[in-house]
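Trainee: Sharing a model that was predicted from the sequence below.
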Amino acid sequence: THYTVRVCGVNNAGQGPWLTESFVTDPAPPPNILKVNKVISGGKLTLSWQTKEKLLESDCYEVHQAVSSDTFTPVYEGVDTEFTISLDHDVSYSFKIRVKRNVPEPSHGPFSPTLLVKLRPVPAPTEKTTVCEGERESESEGSGLGDDYHIILSILVALCLPAILAVIYFCFI
């Protein structure tokens with residue numbers, strides 16, 4: 001909003017002269033964050049967002065994070081519309097984003113809706129080894145050398161079987 005202002009002083013001696021017109025601009029509030037996207041890959045979270053309006057030159061974004069609590073702390077301030085952070089498994093995280101306007105006085109837009117993120121716990125390793133042989137599954141424990149032997153034997157039989165059958169056929173004919 002633009003304002004035009006003229007000022008004059010008044011006291012017991014009367015009214016003073018009018019000063020020349022001054023123009024004052026009330027800055028618009030910072031824009032809202034419209035949409036926040038999240039992508040989780042390889043233990044990392046990437047947040048990206050957009051606003052309806054372009055930022056002013058002095059504006060920036062703030063990303064705030066809470067870890068297993070309601071206490072948010074800033075973890076990013078900058079002009080990029082994307083932020084990536086590493087996450088621990090089985091920990092609850094909350095994120096929210098807003099625009100910070102630095103001129104003429106620092107002010108903030110409203111926060112985006114809070115995003116909740118929790119990576120699933122990493123499964124514990126098991127002692128069993130599962131080996132697939134055709135349609136059959138068998139579980140074995142230990143070194144698994146017996147399984148390797150059966151696989152190698154199956155390959156040798158598959159490769160040599162036609163030759164063995166040919167020898168048997170010609171021997172009995």
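Mentor: Yep, that arrived.
Trainee: Check which helix or strand residue 162 maps to.
Mentor: Per DSSP states H and E: residue 162 is located in helix 145-171.
Trainee: Return the helix or strand in the chain with minimum mean pLDDT.
Mentor: strand 136-140 (a mean of 44; mean pLDDT, DSSP states H and E).
Trainee: what's stretch 18-38 in contact with?
Mentor: 1-8, 45-53, 55, 59, 95, 97-101, 103-104, 107-113, 115, 117 (CB atoms under 8 Å, 6 or more residues apart in numbering). Using the backbone N, CA and C atoms, a C-beta is placed for each residue, glycine as well.
Trainee: Among these, which lie within strands?
Mentor: Among the contacts of stretch 18-38, the residues falling in strands (DSSP state E) are 2-5, 45-51, 95, 97-101, 107-108, 115, 117.
Trainee: Can you go through those residues and name the buried ones?
Mentor: Among the ones in strands among the contacts of stretch 18-38, the ones that count as buried by 16 or more other CB atoms under 10 Å are 45, 47, 49, 51, 95, 97-101, 115, 117.
Trainee: Looking at those, which is nearest residue 14?
Mentor: Closest to residue 14 out of those is residue 101 (42.3 Å), distances taken as CB to CB.
Trainee: State the distance from the closest one to residue 83.
Mentor: Counting by CB to CB, to the nearest Å, the separation of residue 101 from residue 83 is 19 Å.
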